[in-house]
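Enquirer: this one's structure only:
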């Protein structure tokens with residue numbers, strides 16, 4: 001069962017625009033990272049946020065439509081599952097309900113001091129997933 005979606009507003013900057021007049025495709029990955037980390041900070045216990053960090057393992061992105069400087073864009077991300085130290089996210093970047101890109105990504109939770117993988121235990125995961133009935 002996946003967690004409730006998290007909506008992360010995106011502020012498009014002039015530096016995000018490429019030679020074709022729209023947001024450079026590479027910038028979308030930064031937006032995904034921003035959304036995933038904001039999701040973590042919002043729902044994880046403060047102690048876990050202080051002791052843990054995240055590194056990206058894989059991104060699979062499908063671009064559907066371009067974004068432009070004046071667009072009102074939002075990244076809707078959801079944590080689909082966790083396994084060991086890994087977390088699997090699905091993020092949809094949209095403009096007014098119109099899908100601009102979809103991203104499946106996997107992340108590794110690490111201990112902030114040792115930089116070694118840190119298991120995402122039930123005590124943390126329960127903050128992200130609704131109680132099973």
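Expert: Looks like it came in fine. This one's a predicted model, so the numbers in the text were calculated from it and none came from an experiment. Numbers count the residues shown, from 1 in each chain.

Enquirer: per-residue pLDDT, residue 4?
Expert: Looking at residue 4, its pLDDT reads 74.

Enquirer: ok, now which ones touch it?
Expert: When contacts are counted by C-beta atoms under 8 Å, 6 or more residues apart in numbering, residue 4 touches 78, 130. Placement of C-beta: from N, CA and C, glycine included.

Enquirer: that one belongs to a helix?
Expert: No. Under DSSP: H, G, I helix; E, B strand; the rest coil, residue 4 sits outside any helix and is assigned coil.

Enquirer: separation between it and residue 43?
Expert: Going from residue 4 to residue 43 by C-beta to C-beta, to the nearest Å gives 9 Å.

Enquirer: how about the secondary structure of residue 15?
Expert: Going by three-state DSSP: residue 15 is helix.

Enquirer: what is the burial count for it?
Expert: Neighbours of residue 15 under the rule other C-beta atoms under 10 Å: 8.

Enquirer: can you check the one 5 residues further on too?
Expert: Residues near residue 20, counting by other C-beta under 10 Å, number 8.

Enquirer: contact partners of the helix or strand bottoming out on mean pLDDT in the chain?
Expert: Within the chain, no helix or strand scores below helix 122-125, which has a mean of 90 by mean pLDDT, DSSP states H and E. Contacts with helix 122-125, where a contact means C-beta under 8 Å, 6+ apart, come from 44, 45, 48, 82.

Enquirer: are any of the residues you listed buried, and which?
Expert: Listed as buried from these are 44, 48, 82; burial here means 16 or more other C-beta atoms under 10 Å.

Enquirer: show me what contacts the closest residue to the last one other than its chain neighbours?
Expert: Setting aside the residues directly before and after it, residue 82 is nearest to residue 120 in space (C-beta to C-beta, 6 or more residues apart in numbering), at 4.5 Å. Residue 120 is in contact with 82, 84, 85, 86, 87, 109, counting by C-beta under 8 Å, 6+ apart.
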